[in-house]
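What shape does this take:
(4 chains)
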Amino acid sequence: MKLHEYQAKEIFADAGIPVPDSRLASTVDEVMDAVDEIGYPAAIKAQVHVGGRGKAGGIKIAEDDQQARQYADEILGMDLKGYTVDEVLVEAGVDFENELYVGVTMDRGEGEPVAMVSTEGGVDIEEVASETPDAIAREHIDPAFGLHPYQARGVVYEAGVDREYANDVASILTSLYDLFEERDASEIEVNPVMITADGDVVAADAVMNIDDDALFRQPDLAEMEDEAAEDDLEAKANDYGFDYVRLSGNVGIIGNGAGLVMTTLDLVDHYGGEPANFLDIGGGAKAERVANALDMVFSDENVDSVVFNIFGGITRGDEVAKGINEALGRFDEIPKPVVVRLAGTNAEEGMEILNADLVQVESTLEDAVQRAVENAEGNQ
Amino acid sequence: MKLHEYQAKEIFADAGIPVPDSRLASTVDEVMDAVDEIGYPAAIKAQVHVGGRGKAGGIKIAEDDQQARQYADEILGMDLKGYTVDEVLVEAGVDFENELYVGVTMDRGEGEPVAMVSTEGGVDIEEVASETPDAIAREHIDPAFGLHPYQARGVVYEAGVDREYANDVASILTSLYDLFEERDASEIEVNPVMITADGDVVAADAVMNIDDDALFRQPDLAEMEDEAAEDDLEAKANDYGFDYVRLSGNVGIIGNGAGLVMTTLDLVDHYGGEPANFLDIGGGAKAERVANALDMVFSDENVDSVVFNIFGGITRGDEVAKGINEALGRFDEIPKPVVVRLAGTNAEEGMEILNADLVQVESTLEDAVQRAVENAEGNQ
Amino acid sequence: MSILVDENTRVVVQGITGGEGKFHAGQMIDYGTNVVAGAVPGKGGQEVHGVPVYDTVREAAREEDADASVVFVPPAFAADAVFESLDSPVDLVVAITEGIPTQDMAKVNKRLSEVDTRLIGPNCPGIITPGETKLGILPGNIFESGDVGLVSRSGTLTYQVVSNLTERGIGQTTAVGIGGDPIIGTSFVDALELFEEDPDTEAVVMCGEIGGEDEEQAAKYISQNMDTPVAGFIAGRTAPPGKRMGHAGAIVSGSGTGTAESKIEALNDAGVPVGDTPSEVAEHVEGFL
Amino acid sequence: MSILVDENTRVVVQGITGGEGKFHAGQMIDYGTNVVAGAVPGKGGQEVHGVPVYDTVREAAREEDADASVVFVPPAFAADAVFESLDSPVDLVVAITEGIPTQDMAKVNKRLSEVDTRLIGPNCPGIITPGETKLGILPGNIFESGDVGLVSRSGTLTYQVVSNLTERGIGQTTAVGIGGDPIIGTSFVDALELFEEDPDTEAVVMCGEIGGEDEEQAAKYISQNMDTPVAGFIAGRTAPPGKRMGHAGAIVSGSGTGTAESKIEALNDAGVPVGDTPSEVAEHVEGFL
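Down below sits the predicted model:
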């Protein structure tokens, strides 16, 4: 899960990392109250989970009341790459001389965290990484020992950070790694760390993503997720406990197991259709779960056709079939045609149970997908 | 440094380890106030750094006011193996069914901590260790990872602790290891952990020794050391910054370097004398330090003769000689005969500087020690 | 022949008294797996499916001479259970649990570099040598003994591919699900190496998916070290960047690494045909034999 | 010949801008040690005694091709400095610092098991190959080149024994102070092994003291593996239990382990004569040659 900048900065501040003075605001009036307290220049920053907010017009620097009011009005409520801006962070502008990049992420190839520092901060770090990889100094961290002080200093020096403020930057990095570990982050980055004319260092932006699998032991962070309003359907999937990703097509897809569901999506594409979603009902799904999954997919108004692909291991085909019958039996008319393919454990029993008035049954994955794609084309 | 039982128990309680209700008392009246609050039976326990307090009469269980007053009166002020009892811990008696031993110490051979659990608690664990070593289950701890939960459970099960309260004991062990690490302990043990009839576990005693070399980062514990009044001379040595150990003989010994000073002690013994102390003035000692060392040794009324043995590496013989001349020059009469042996860096210059009216000079270690032993015999 | 497990493998089941553990221990025993013990703290002395339960894996391994462990323990406690097995010691640990925090696995990964024990998983269906033994949750009935090794990051996709193979009469030496998490104990390269060394494995199927660079490294290994032919499949061609597709590890990063294109290209460059559909994969394998 | 260090050893001094580091770097250079760099965070670009200073050991090792490091860093930062050297990497680290917390050293000790670098110390005088090089604080002038190896837990005691040897015209191949702390990088056994392998070392002196069981293990090693004769000395015969005799490691535990008696007996049983006085030790060595 992703934290908003303002959430991450609160956590940073509690950890002793210097951040600019700021206030969260959701109305123009609140923005004006905030600039009253903070003064000018003031940055007005959209709080949405979108990369490149600045370029997209989601960050503006106001120099006076008129600008503040104008920018607040522009940014609040704007659509930023599909996300509506409900809140902005009003933040004291920093008069900087240099911008650095400082981050910690999990290097899955090495199976350990890696700290990264670059003097080319303030720009898209992924661009830096691909165009001038040597401009980013990296230091792998042994998770049993944590980040040694010499490593924090070493990577900062290696990046070519000025000796004058190297210790302060190393200290930010050390705090970031401590947070990374304590808060089960998958990624933390500050881009840029600003260096003022006085040599002070300030975390001017904050990215903090948390390992979803660790939210059970980060209850306060898990609560923040609820605050971060998501796509309605994704929120619904969350309530149902499904792995769900909404896509832009019209063929709704339900299956069990991430690899098989991804494969089903790929086959829809392969046969000329467009997947509307990824929905994994998981292992051992019972009837109710199946009904919930159908509810999910029917709730997506883009969906014109559904394919239900189950390969039973733990999941039993007869249970799935019962669930499908139950869920579809509630409708006077089935909203969208549903193709079902059952294989593996109790697949034959399932096929027999399935009500052929409600669903179309196919026995191979390829046939099922092809038929669903055809249904979608016919239904458009 | 050693913490008192009551100090260790405060730390334990803060860490969530169950300890009996208790009060510290330094007068009989305070003891009576304490038992008023705690009730009977109440243990009255001498707070001195002495092993086997119970056998030596330093722990008594009072069943009523009369006993409480009597025991308080007996124990407060008593001499326990050379230490005067200034304070007692008044503690609620625990009605126990079983006694366990749980401890964590540094295994220097392996260079890592080791957790120990035994169902033979409440008795001298060193006796158990030497007579029935199998009665103690041990688990080494990788200091980079810390004590894994499975290890805490494992060593508890291996010791044969009842399943009914194994989890609670493992939880105490985990807390003890956390304290061991966080507080830079060299040893923590609870002997006994008492198991009540209800299956509750309680830390009924507490030993916690701290690594002297880590006190710089344990300021609150370092303060506790000051509270724990030591031998006057040892306290003085502490102020001077000397490594000093007081012994029972009459030949005062000053030298530089732990190994060489120990060797000097051994030679005093070898030649029939008895060392009065170990005093290491350390490397690079200057004149003032030398004078302080002589002051230390002369302050010990048991001392009849002094041997000063310096092998200069960083320490310079001329500096030492100046210090000796200065320190002894203050006396109208030298209190005890001082034999000096200088070797190594600038030893010859030192020998020339030394005032032969004040000291006896020898050129070999053996001769110097022999002469000091003779002086001590003559001086008795 | 087979890799890693066979009829002689002596298995301890961690979490055998829990719902999942109990059910699948029964399934394993039914399949013929030599389940010699269970290990659950505080449950020592009990029996499940006639199998003795111990409080610790160490005790189970010592008393019952177990040499492999299967972990059915909830995510919060699973890394500790893996550590326990690694230190017990057994030779092989199969961690089925899904949802272990990544930082826990980073620590496990560090320990793995210090010991000789192999870990498969976590978040995996396990490993099966058809007709001999299975460790995990794979449905035994769909597998057939034969000449093809199979390694996959996914569970049900494995079953799909296996059924495509079986339809064509192609059986398996061993099938191993290495798991869908970002940090796993056994990589594609590790498994491919074992299959390459196994004289009975005539061909290998490798089912990858988006995320990470394990498939790219496998491609490199195949082109440099393997004589045994390999056919591939990559799931997630249509996955958008930045979205986790079920598996914690199945995510194309914002910087564009871990894409299906990159993996397919690497495999093709290594001479590995990659099927567009599972049945195409089976076709390729048929061509090898 | 010698062990571990010789005239070719290229040394980086950690803490070279501090009082101790600066003084002893000068002493080393005067003795002939090839001090090629200093390393002090934030002091990169400076020079001390004409030697370039770098911010990190890694940089110093890379730029000046250093293969050994000497640590003169205050106790609170010393373990980190040792870690830095271990990871830089150099082949040998000599930690002079006294007073490093034991738990810091336990972590260093763990790291040592993972790397090829050797640590000498901490809380030690260092190592000297007379006439060639010294790393540490040993006074060079009392050593003579010769045939006897010396290993000791103590500094000044080493000088005492060396002077007794030199009086008899007996020089040294290499003398190494392994340090007086409870947890140290190089044990007696490690040093004895190196002396046994050194063709020029004709005899070895081993100066132990109370505390721990390193001397007992050395005795075992000597009786099982050494042809080179060894003479011993044990300091602390008169030390009472439970009192730390200067060195953090020089303590007879309450349970009676680590006593001088136990060590002397073990050495005697291994055929090692133990002198009652340092000059007796030199006599024993003279008898070997």
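
helix/strand/coil for the residue of chain C positioned farthest from its centre?
Largest separation from the mean C-alpha position in chain C: residue C:45, at 30.4 Å (CA atoms, centre = their mean). Three-state call for residue C:45 (DSSP: H, G, I helix; E, B strand; the rest coil): coil.

Leaving out chain neighbours, which residue sits closest to it?
Using CB to CB, 6 or more residues apart in numbering or on different chains and skipping the chain neighbours, the partner closest in space to residue C:45 is residue C:53 (7.0 Å). All C-beta atoms are positioned from the backbone trio N, CA, C, and that covers glycine.

List phi and psi for the one you found.
phi -110, psi 140 (degrees, to the nearest 10).

burial count for residue A:271?
If you count neighbours by other CB atoms under 10 Å in any protein chain shown, residue A:271 ends up with 17.

Could I get the contacting residues of it?
A:369-370, A:373 (CB atoms under 8 Å, 6 or more residues apart in numbering or on different chains).

One more: residue C:182?
By CB under 8 Å, 6+ apart, the residues touching residue C:182 are A:106, A:108, C:102, C:105, C:211-212, C:248-249.

Using JSON lines, lay out these together with secondary structure.
Output for the contacts of residue C:182, formatted as JSON lines (three-state DSSP):
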{"residue": "A:106", "secondary structure": "strand"}
{"residue": "A:108", "secondary structure": "coil"}
{"residue": "C:102", "secondary structure": "helix"}
{"residue": "C:105", "secondary structure": "helix"}
{"residue": "C:211", "secondary structure": "coil"}
{"residue": "C:212", "secondary structure": "coil"}
{"residue": "C:248", "secondary structure": "coil"}
{"residue": "C:249", "secondary structure": "coil"}
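
Pull up the residues of the stretch 101-250 of chain A that are close to chain D.
Proximity of the stretch 101-250 of chain A to chain D, by CB under 8 Å from any CB of the partner chain, involves residues A:145, A:148-151, A:153-154, A:157-158, A:163, A:166-167.

which one of these sits closest to chain D?
residue A:150 (3.7 Å; CB to the nearest CB).

What is the neighbour count of the closest one?
27.

Sketch out the helices for the chain, chain order is fine.
Going with chain A. A:5-14, A:28-38, A:65-75, A:125-131, A:149-158, A:163-182, A:219-227, A:232-240, A:258-270, A:287-299, A:317-329, A:347-353, A:365-379 (DSSP state H).

right idea, wrong chain: chain C
Using DSSP H, helices in chain C cover C:19-31, C:57-64, C:75-86, C:102-112, C:156-167, C:188-197, C:214-225, C:260-269, C:278-288.

Close to chain D: what parts of the stretch 101-250 of chain C are there?
Within reach of chain D by CB under 8 Å from any CB, the stretch 101-250 of chain C has these residues: residue C:114.

Residue of the stretch 101-250 of chain C nearest chain B, please.
residue C:107 (6.7 Å).

thinking that residue is in contact with residue C:79, fair?
Yes - contact criterion CB atoms under 8 Å: residue C:107 and residue C:79 qualify, at 6.8 Å.

out of those two, which sits in the busier spot?
residue C:79 (26 against 23).

Break chain A into its domains for me.
A:21-92, A:96-224, A:232-378 (the TED database).

related to what we said a few turns ago, with mean pLDDT and distance to residue A:82 as extra columns, can I get the helices of chain C in TSV?
Listed next are the helices of chain C as TSV, based on pLDDT from 0 to 100; distance: least, CB to CB, whole Å:
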stretch	mean pLDDT	distance to residue A:82
helix C:19-31	95	39
helix C:57-64	96	49
helix C:75-86	98	32
helix C:102-112	98	28
helix C:156-167	94	30
helix C:188-197	98	35
helix C:214-225	97	31
helix C:260-269	96	24
helix C:278-288	96	33
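
Specify the beta-bridge partners of the most centrally placed residue in chain C.
Of all residues in chain C, the one closest to the mean position by CA atoms, centre = their mean is residue C:177, 2.7 Å from it. Beta bridges link residue C:177 to residue C:126, residue C:152 when assigned by DSSP bridges.

any idea how far it lies from residue C:221?
19 Å (CB to CB, to the nearest Å).

picking up where we left off before, could you pull up the contacting residues of the residue nearest to residue C:45?
So residue C:53 contacts C:16-17, C:37-40, C:43-47 (CB under 8 Å, 6+ apart).

what number of residues lie near the residue of the stretch 51-200 of chain C found nearest chain B?
Proximity to chain B, evaluated over the stretch 51-200 of chain C using CB to the nearest CB, is greatest for residue C:84 at 3.7 Å. When counting by other CB under 10 Å, one arrives at 28 neighbours for residue C:84.

can you check residue C:197 too?
Counted with other CB under 10 Å, the neighbours of residue C:197 add up to 10.

With residue C:273 instead?
Using other CB under 10 Å: residue C:273 sits among 18 other residues.

Could you verify my assumption that it touches residue C:231?
Yes - between residue C:273 and residue C:231 there is a contact at 5.6 Å, judged by CB under 8 Å.

between the two, what contacts are shared?
residue C:284.

OK, contacts around the residue of chain C found nearest chain D?
Minimum separation of chain C from chain D (CB to the nearest CB) falls at residue C:114, amounting to 7.6 Å. With contact taken as CB under 8 Å, 6+ apart, residue C:114 is in contact with residue D:114.

contacting residues for residue A:204?
By CB under 8 Å, 6+ apart, the neighbours of residue A:204 are A:19-20, A:94, A:96, A:99, A:190, A:192-194.

What is the nearest of those residues to residue D:32?
Of all those, residue D:32 sits closest to residue A:193, with 46.2 Å by CB to CB.

Please report the distance of that closest one from chain D.
Remark: distance between residue A:193 and chain D (CB to the nearest CB, to the nearest Å) = 18 Å.

Hmm, residue A:100 and that residue touching each other?
Yes - Residue A:193 is within contact range of residue A:100, at 4.3 Å (criterion: CB under 8 Å).

Which residues of the stretch 51-200 of chain C lie near chain A?
C:75-76, C:99-103, C:105-107, C:109-111, C:125, C:137-139, C:141-142, C:152-160, C:163, C:180, C:182-183.

Count the residues that sit near whatever residue of the stretch 251-380 of chain A ends up closest to chain B.
Residue of the stretch 251-380 of chain A nearest chain B, by CB to the nearest CB: residue A:283 (26.1 Å). Residues within reach of residue A:283, counting by other CB under 10 Å, total 18.

ditto for residue C:32
Neighbours of residue C:32 (other CB under 10 Å): 13.

Contact partners for it?
Contacts of residue C:32 by CB under 8 Å, 6+ apart are C:7, C:131-133.

between those residues, which has the most around it?
Top of those by neighbour count (other CB under 10 Å): residue C:133, with 26 neighbours.

Skipping its backbone neighbours, what lies nearest the residue of the stretch 101-250 of chain C closest to chain B in space?
residue A:143 (5.0 Å).

Hmm, residue A:112 and that neighbour touching each other?
Yes - Residue A:143 is in contact with residue A:112 according to CB under 8 Å; the separation is 5.5 Å.

which of those two has more neighbours?
Using other CB under 10 Å, the more surrounded residue of residue A:143 and residue A:112 is residue A:143, with 24 against 20.

per-residue pLDDT, the more buried one?
Residue A:143 is assigned 97 on the pLDDT scale.
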